[in-house]
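> Generate coordinates for the sequence data below:
(chains A and B)
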Amino acid sequence: MKDHSVRPATWRVASAALAVVLAFSLFGCSAKTTDNASTEPAPVEKTKVVMASTTSTQDSGLFDVLIPAFEAANPEYIIDVIAVGSGEALKMGENKDADVLLVHSPAAEAAFLDAGFGTERRDVMYNDFVIVGPEADPAGVKAAGDLNAVMTALGAGRAPFLTRDDKSGTNAKELKLWAGASVSPTASADAADWYLSTGQGMGETLKITSEKQGYTISDRATFLTAQDALDLVIVREGDSGLLNQYGVIPVTDATHLDGANAFMEWITSAEGQKVIGDFGIEKFGQALFTPNAK
Amino acid sequence: MGIFIDAFRDGLAMLVSGATDVWTIILVSVQVSGVAVLLALVLGIPAGFVLGSKRFIGRRMMLVIANTGMGLPPVVVGLVVAMLLSRRGPFGNLELLYSQPAMVIAQLVIALPVVAAVSAAAVSAVPRELRLQARSLGASRFQEAFMTLKEARMGLIAAVAAGFGSIISEVGAVTMVGGNLAGKTRVMTTAIVQYTRMGDYGPALALAAVLMGMVLVVNILLTSVQSSAERYER
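Model prediction:
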């Protein structure tokens, strides 16, 4: 009986709360529409260009500087960045879900062009990879001579190694390094104990590496950005084998091929290259990418 | 439509061939969510019984909390559990983050309010007179509780199904606390995200089909429970 007397009151309170919420959301919407109407008597018809790129580039923060600079120089275009692994970025190009690609997986890029999915490819910039691990360095990477010795030390499985295993450019680089040292981590008997596949982006993989106190390979930019939250240090850097080349590829028969070409021209121009070369100096005291368009 | 046909063919071939990684993923999903739901039952049904049958100060507040908990955003649960278990967090020395126990904890937090609230509703639907009558016929408190839960069994099955459904499809929290580690913490939802990100639509679609199948079974169970409950009322 008690419940019967209480329920209507509860309903009234609930519906009143709902009404308030609805009123606010309606007000919010209408305010936004009027705002748009008054501020956007667009003089130029803007074309939306979809660029597929990689999580590591996105995580570095480069696009927050690069895209506005491009849009300022080319007001007729708006760039939408979809940040995925290099594998999916190329797949998006193949499916024509993207107009232009900015990726770093040279072998996969060459195959993409050979299949006729891209109109051309130009070098844009490079950054470098670093091998990171616990300060204590249980695998003895710091003592290793060359890069192959580093991979052999890691392949001994004395500490976890976290692989992204996601067909990303970083993953492709890692596999190349193992192959170079003739180490096959998946073939080792106790691979399940130390060779761990995250299947995720760089930022997430670094976090997992830190928690597991293992090793991984990361692009420098993402590591520097995430460093404060990690209990990891750089255990190897500077080898020529650790360079990471980025290329730009307009997609064949893209919906907005003109925009894709404009982006390629701009990012390889002196102006675009300068934006890249300056990025990171203010925040990290060093440039994160080295422009090298020809 | 070619994209779907190709992917479906790839995925089906993968499932039939018994590709170990795909089946491991399915197994880990069922294992983690199964344990989480079991724990949610052990804690949630007694809580639901008390909330649904007893009258005490703070009951309404606790019902509100349970009902709010049903709408708890899984990513928030993931964030808080990840922070608690992180190496730098208060329970860091347990080294639990990115392991199956961490996923069970997060899923338990998500499923518990669902199980508690649904079983509270089921228990409160059992006529009070019935319980009073049982007591007057000499039933002990334990016997009374047992009888009430037995009467509410349809609703309790619904609680199980709703709890399981709320976590098996969840992706945010399990990514954050599980880490999607192959063979260890990779479950169907996180694998679907990963395969899609890699452009491998085949295995993604295959896992999606298995996941949909499980959700379907759960909902068939729910619907049949509801319709049999309707019969019972009539």
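> can you give me the helices for the chain?
Using chain A. Per DSSP state H, chain A has helices spanning A:2-39, A:55-60, A:62-73, A:86-94, A:106-114, A:147-155, A:169-180, A:191-194, A:202-212, A:220-226, A:257-267, A:270-278, A:281-284. These are given in chain order.
> I was thinking of chain B, sorry if that wasn't clear
With DSSP H as the criterion, chain B has helices at B:2-16, B:20-53, B:59-70, B:74-85, B:100-124, B:128-136, B:141-151, B:153-168, B:172-178, B:188-197, B:201-233.
> hmm, back to that, out of the helices of chain A, the one nearest residue B:123 is which?
Closest to residue B:123 of the helices of chain A is helix A:2-39 (C-beta to C-beta; 13.5 Å). Heads up, the C-betas are built off the backbone N, CA and C, glycines and all.
> Just the mean pLDDT for that closest one, thanks.
Mean per-residue pLDDT for helix A:2-39: 52.
> try stretch B:191-203
Regarding stretch B:191-203, the rounded mean pLDDT is 86.
> now the end-to-end length of that stretch.
One end of stretch B:191-203 sits 9 Å from the other (C-alpha to C-alpha, to the nearest Å).
> Next, count neighbours for the closest residue in space to residue A:180 that isn't next to it in sequence.
Leaving aside its sequence neighbours, residue A:180 sits nearest to residue A:148 (C-beta to C-beta, 6 or more residues apart in numbering or on different chains; 6.0 Å). Residue A:148 has 17 neighbours, counted by other C-beta atoms under 10 Å in any protein chain shown.
> hang on, the earlier thing: relative to residue A:94, which of the helices of chain B is closest?
For those, proximity to residue A:94 was assessed by C-beta to C-beta; helix B:2-16 is nearest, at 10.4 Å.
> low-scoring stretches of chain B, by residue?
B:20, B:226, B:229-234 (pLDDT under 70).
> My guess is residue B:148 contacts residue B:131. True?
Yes: look at residue B:148 against residue B:131 with C-beta atoms under 8 Å: they come within range, at 5.8 Å.
> what residues are shared contacts of these two?
Shared contacts of residue B:148 and residue B:131 (C-beta atoms under 8 Å, 6 or more residues apart in numbering or on different chains): residue B:53.
> Neighbour count: those two, which is higher?
The neighbour comparison of residue B:148 against residue B:131 (other C-beta under 10 Å) goes to residue B:148, with 21 against 18.
> distance of the closest residue in space to residue A:193 that isn't next to it in sequence from residue B:97?
In this structure, residue A:193 finds its nearest non-sequential neighbour in residue A:157, 7.1 Å apart by C-beta to C-beta, 6+ apart. Using C-beta to C-beta, to the nearest Å, residue A:157 is found at 22 Å from residue B:97.
> Neighbour count for the two, which is higher?
Neighbours around residue A:157 and residue B:97, counted as other C-beta under 10 Å, are more numerous at residue B:97. The numbers are 26 against 16.
> Now do the contacts for that one.
Contacts for residue B:97 (C-beta under 8 Å, 6+ apart) come out as A:211, B:82, B:85, B:86, B:87, B:177, B:179.
> In JSON lines: those residues, plus distance to residue A:117.
Shown next, in JSON lines, are the contacts of residue B:97 (distance: C-beta to C-beta, whole Å):
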{"residue": "A:211", "distance to residue A:117": "38"}
{"residue": "B:82", "distance to residue A:117": "39"}
{"residue": "B:85", "distance to residue A:117": "43"}
{"residue": "B:86", "distance to residue A:117": "42"}
{"residue": "B:87", "distance to residue A:117": "43"}
{"residue": "B:177", "distance to residue A:117": "38"}
{"residue": "B:179", "distance to residue A:117": "33"}
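> Quickly note the distance from residue A:134 to chain B.
Using C-beta to the nearest C-beta, to the nearest Å, residue A:134 is found at 11 Å from chain B.
> Now for that residue, how many residues are close by?
Neighbourhood size, residue A:134 [other C-beta under 10 Å]: 20.
> Many thanks, we can stop here.
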